Each structure stands twice: as structure tokens, then as C-alpha cells.
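> Okay, sequence plus prediction incoming.
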Amino acid sequence: MDPSKPKILFISHDANRAGAQLFLLNIMKDFKAFGYSMELLCLVKWGPLLEEFEAVCTVKGLPQEENSGRIKRLFSKGIENRQIEYIKSEFRNGNFDLIYANTIASAHGALMLKKELNVPLITHIHELQFSLDLYANEVERNKLLTDSEGIIACSQAVSDNLIKNDPRLKDKTTVIHSFVDNEAVLNTLIHTNSRVIKEEFGIPQNTYLVGACGNAEWRKGLDVFINFVAAAQQDQELKDKVHFVWIGVKKVGEYFDKIAYDVAKMGIGNSISFIAPTPKAIEIINSLDVFLVSSREDPFPLVMLEAALCEKPILGFEKSGGCGEFVKDSAGLLTEYLNIQGLVENLKFLRNNPDLSSLKGQTGKKQVLELYNFDTSVIKLKKYLANFAS
């Protein structure tokens, strides 16, 4: 390890395969390659990325209550003293130069570490307001932002929201856009056969395809998606000429049961392919004609960048976060927030104008390669952190 570089204690709320955790894993891999010394505190030491994190550095987990895997239950009064003692024994003598808290869900653990280690705390915010409220209580959220020496926002939309709620944060908030592994995505595309992929996942071969990707949840707008499908099927230009795909649906739970109930009542089941979470999401996205971001709130969806690398024009809503920031009607088309009929009209426009649709897809790819790439963001990040470690 290079002693001239800061020793960093990273915090992640878990090791699930999601955008914020993947971002953290990628930067930690790069930091290790460049000689940084680091450890990771995983508040809930669980998730499919855990082995990959452990290949980078030592990973430790906070003590938890029995049968408690959820962030909201993690920090009851009965367990907090054990967690504080654990932090004192495991990290107080670690000679860390910085604490790097990834996501608002790390708030409680980050505040305990800040108090015990008394070193600069950098907080990376990947959430807009609904998620900020959901994953941290107001007191801890405000204290985390106040006590952090620096705040990184994953998009301009995230920064604007933080500063709108507390103008005092302006001087210590900087935007470093999230990114995907562009090279890995492009390499995957080289070896992808769309006809084979469609056959594997039961997607129609010779139909215009519109797809979305994400967890089956309210914020991601799966209910918005099915209403969009229903509206498109009622349009004479689109009826029976377009098929819709949602990638990443776990077909269990009350929310999905409600979605399935509505799909049956709407009579649109034959127009939709629901695909379970799969490591072949990029290959499926590459088989689409249009990619949809149906989210009510999404700070800077990484799957949107992957779709852009696949040269897919993107449909989405204004005022929903990073989608509007990226698309700007140059990499796709936007409509007013939750305007389903607006989505339908934009879909018809792209379908009826294939050359322009292709151009928007090419523009999106160019934007990712030039503006939203690993090298640009990680260089910014290293320079930013150096300001607090000197």
C-alpha cells in the first residue's frame, strides 16, 4: 500500500447487487489498484457482492439483532451499545484518514464512526427525497449531512434536492456522476445474439420491443409501466404491434400480486414479458427497440446508462431525477411527470421515425462514453478526497 495515500474506512449498508453498491465496489477496486489502504464496514454483512468486496479488502459487519436483516430494524436500543463497543474495538486504532459513507442508509453507522474516530466524514448521497425519507430518520439524516465535511451527490438532481432542503449544504456538496463499466458493457454486446436471447427468455422475435428494468416497487413505477402498456394497446397505431418487457421482477410479494391482479383485469398479459432478475439484463436490453425509465424518482439510474451504451433511445418523465438530466430530449424523449398518454405519443414518434430514433440512441451512447465514464468520475473522486486527507 502507498503510505502517501489516505487510508479510508468505507461504509455500505449491505452488499446487494444494486447501483450504489456496484458503484462503491468499482471505485474500491480502482483504489486498491492504485495503492490505497482501506477497509469496509458493511452494516448488514449480506449480499451477492460480498465475496467481491472481500476480494478487495477486509470486510466487517456490525452486530445485529437475531433475525434482523433490515436496515430499519438494525439499530434498536438493545443492540446499539454492542455496536459502539464493536466500533471501538475494531476501528479506533485503525489509523484511518477518512470515513466514506455510501448512501443515506449508512447514516446511523457513519455517525457512530464519526464520533469514535474523529476523522473527516465524506457522505455519498445516491437518493432523492422519497428514499432519503425512507432509509434514514429525519434526525439522523440531518445530523449526517451537517456533520459530514464533504457531500458527494451522484447527479445534479440529487445535489439540487439537498440544497433546496438545506441551503447551508451548497458549499460542501459536489456532483460526481455515477457510472457503469463501459468497457465491460461494450464487450458483452460484442458477444450478444439478440435472436438467441429472445428465444431464451420467451420474447417475441419480430415485434417492436419496449422494455424497462428494475425492482418491482412503487418508486420504480412498475404500476406506471402496466398503465403505459394498457394505454398503448388502446391506441390503434400501436395495438398488437408492440411488446413490452420488464426485466428484474421477483414474482413474489404483495406489490407484485397487486400488479398481476391489475394486468389480468386489464387484459394485457399477452403484451408483457415479466423477466426475473438475471445477469443477462444487458443482453436483453440490447434486444429492445426503446428503453423506458418509468421511475417516479431515480437519482441517476445506471441501467439507463447501460441502455444508452446499447444505443437505445430512452423514454422517461421530467422531474423524476437523473433521467431528465441525462436525456434532455437528445438521447430520447421526455414527457410531463406521470403523463402516460405523453409516453404513448413519444413511443409512436420514435416508432414512426426510425432514423431519428437511431440518432437519439447514438447520442446517448456518445454522452456516456464522453461524460459519464469511470475515468472521469474516479479522477474527480480522488482529487476531491485528497482535499480532506491532507
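The structure has been received and is ready for your questions. All figures in this text were calculated on a predicted structure; none of them were measured in a lab. Numbering: from 1, shown residues only.
> would you list every one of the helices in the stretch 1-150 of the chain?
19-33, 50-56, 71-74, 77-91, 107-117, 129-135, 138-147 (DSSP state H, counting those that start in this stretch).
> Which other helices and strands does the helix or strand hosting residue 316 contact?
Under DSSP states H and E, the secondary-structure element containing residue 316 is strand 314-317. The contact analysis (3 or more C-beta pairs under 8 Å, 6 or more residues apart in numbering; DSSP states H and E) places strand 314-317 against strand 290-292, helix 302-309, helix 322-327, strand 332-335, helix 340-352. Using the backbone N, CA and C atoms, a C-beta is placed for each residue, glycine as well.
> Quick one: closest of those to residue 160.
Nearest to residue 160 among these is helix 322-327 (9.5 Å), distances taken as C-beta to C-beta.
> in stretch 265-279, what's buried?
Across stretch 265-279, burial judged by 16 or more other C-beta atoms under 10 Å covers 266, 268, 271-275.
> Output those in JSON lines, with secondary structure and pLDDT appended to each entry.
Below are these laid out as JSON lines (DSSP: H, G, I helix; E, B strand; the rest coil; pLDDT from 0 to 100):
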{"residue": "266", "secondary structure": "helix", "pLDDT": "97"}
{"residue": "268", "secondary structure": "coil", "pLDDT": "97"}
{"residue": "271", "secondary structure": "helix", "pLDDT": "97"}
{"residue": "272", "secondary structure": "strand", "pLDDT": "97"}
{"residue": "273", "secondary structure": "strand", "pLDDT": "97"}
{"residue": "274", "secondary structure": "strand", "pLDDT": "97"}
{"residue": "275", "secondary structure": "strand", "pLDDT": "96"}
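> one step back: quick check: which of the helices and strands packed on strand 314-317 is nearest to residue 190?
Among the helices and strands packed on strand 314-317, if distance is taken as C-beta to C-beta, the winner is helix 302-309, at 11.9 Å.
> quick one: low-confidence ranges for this protein?
Along the chain, the model assigns pLDDT under 70 to residues 66-78, 390.
> go again using 50 as the cut-off
Low-confidence segments of the chain, defined by pLDDT under 50: 68-74.
> Check the secondary structure at the residue nearest to residue 214 when sequence neighbours are not counted for me.
Using C-beta to C-beta, 6 or more residues apart in numbering and skipping residues adjacent in sequence, the residue nearest residue 214 is residue 220, 4.0 Å away. Applying DSSP: H, G, I helix; E, B strand; the rest coil to residue 220 yields a three-state assignment of coil.
> Near residue 118, how many other residues are there?
Applying the criterion other C-beta atoms under 10 Å, we find 10 residues in the vicinity of residue 118.
> meant to ask about residue 259, not that
Neighbour count for residue 259, taken as other C-beta under 10 Å: 21.
> Show the contacting residues for the residue nearest to residue 214.
Residue 220 is in contact with 212, 214, 294-296, 298, counting by C-beta atoms under 8 Å, 6 or more residues apart in numbering.
> In strands only, show me those residues.
Taking DSSP state E, the ones among the contacts of residue 220 that sit in strands are residue 212.
> Same list, the contacts of residue 220, but as a markdown table with distance to residue 127 please.
Formatted as a markdown table, the contacts of residue 220 follow (distance: C-beta to C-beta, whole Å):
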| residue | distance to residue 127 |
| --- | --- |
| 212 | 20 |
| 214 | 15 |
| 294 | 18 |
| 295 | 12 |
| 296 | 13 |
| 298 | 10 |
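> check which helix or strand covers residue 250.
Secondary structure here is read from DSSP H and E; on that basis residue 250 sits in neither a helix nor a strand.
> So it is in contact with residue 222, correct?
No: at 11.0 Å, residue 250 and residue 222 do not qualify as touching, with contact defined as C-beta atoms under 8 Å.
> These two: who's more crowded?
More neighbours sit around residue 222 than around the other of residue 250 and residue 222, counting by other C-beta under 10 Å; the figures are 24 against 13.
> Apart from its chain neighbours, what residue comes closest to that one?
Once its chain neighbours are removed from consideration, residue 222 has its nearest residue in residue 216; the separation is 5.0 Å (C-beta to C-beta, 6+ apart).
> check contacts around the one you found.
With the criterion set at C-beta under 8 Å, 6+ apart, residue 216 makes contact with 222, 246, 248-250, 253, 255-256, 259.
> and with 7 Å instead?
Residues in contact with residue 216 (C-beta atoms under 7 Å, 6 or more residues apart in numbering) are 222, 249-250, 255-256, 259.
> Mind putting the residues you listed into JSON lines with distance to residue 332?
Shown next, in JSON lines, are the contacts of residue 216 (distance: C-beta to C-beta, whole Å):
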{"residue": "222", "distance to residue 332": "20"}
{"residue": "249", "distance to residue 332": "23"}
{"residue": "250", "distance to residue 332": "27"}
{"residue": "255", "distance to residue 332": "27"}
{"residue": "256", "distance to residue 332": "27"}
{"residue": "259", "distance to residue 332": "25"}
